[in-house]
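Peer 1: one predicted model, sequence on top.
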Amino acid sequence: MKELLVATRNAGKIRELKLLLKEYPIAVTSLLDYPDMPEIIEDAETFEGNAAKKAVVIAQHTGRIVMGEDSGLSVEALGGRPGVYSARYAGEKATDQQNNTKLLQELKDVPMSRRKACYHSYIALADPKGVIGVVSGTCHGIIATEPHGTNGFGYDPLFIVPQYHKTFGQLNPSIKAEISHRSWALKKFKLEFGDYLKRL
Ligand code: ITT
């Protein structure tokens, strides 16, 4: 079977990307399948820059076409933080739970009316010559005052989806696959770069 290598070590992302790409007859693999790949320093100031860097570093190392995804949460009352630092919000090796605790702490005096947030996903495709393209998607929500549910990953137990009055932690993964930032980015990706997936 043909293979698409995604330059990520995040198991939650990999699970979602596999579900979102399931109509293609390709095996979606990640850096967890290739432990000897180089470390990628995420030093760009934008999601787009980091997504491109992940894809290019691994494409140049492997000589293959590679997908990179950079994502995060922007909270209005925090001026857009944690943003590109979402994975390391509570520290360099922070767990999802530590990041969620920090977010709740920072928002402890903020009323529901001011807890608007937005997830962003940027997906890049690269070959050894460089970036082929980058697409993005967003998903709007509200940050809960305590965690609910265990589905998803990252900030999902705190991310209330207004149309369902539930967090992504509570909602079925099939619903997240229809409306998430990652799913919107993937929809664009399929329109713009679907041919690359067929020619892998
Ligand atoms: P890779 O760089 O290896 O892909 P990472 O976890 O470091 O893994 P990012 O730098 O893109 O990935 O950080 C994304 C963080 O944003 C992630 O760790 C979560 O904290 C948060 N995040 C992104 N998408 C999310 C989602 O769908 N649900 C919950 N949290 C999400």
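Peer 2: Arrived safely, thanks for sending. Numbers count the residues shown, from 1 in each chain.

Peer 1: which positions in this structure make contact with the ligand?
Peer 2: By the rule CB under 6 Å from any ligand atom, the part of the chain lying against the ligand is 8-10, 13, 42, 69-73, 86-87, 99, 119, 152-156, 180, 182. Heads up, the C-betas are built off the backbone N, CA and C, glycines and all.

Peer 1: how near is the residue located most distally from the centre of the chain to the ligand?
Peer 2: Most distant residue from the mean C-alpha position of the chain: Asp109, 27.9 Å away (CA atoms, centre = their mean). Computed as CB to the nearest ligand atom, to the nearest Å, the Asp109 to the ligand distance reads 23 Å.

Peer 1: tell me the spacing between that residue and Val57.
Peer 2: Distance, Asp109 to Val57, using CB to CB, to the nearest Å: 41 Å.

Peer 1: equivalent analysis for Glu39, please.
Peer 2: Remark: distance between Glu39 and Val57 (CB to CB) = 9 Å.

Peer 1: the more surrounded of the two?
Peer 2: The residue with more neighbours, out of Glu39 and Val57, is Val57; 19 against 8, by other CB atoms under 10 Å.

Peer 1: for Glu3, grab the count of nearby residues.
Peer 2: 12.

Peer 1: please identify the helix or strand for it.
Peer 2: If you go by DSSP states H and E, Glu3 is part of strand 2-6.

Peer 1: which of the residues in that strand are buried?
Peer 2: In terms of neighbour count (16 or more other CB atoms under 10 Å), strand 2-6 has its buried residues at Leu4, Leu5, Val6.

Peer 1: same check on stretch 160-176?
Peer 2: Ile160, Val161, Lys166, Thr167, Phe168, Gly169, Gln170, Leu171, Ile175, Lys176.
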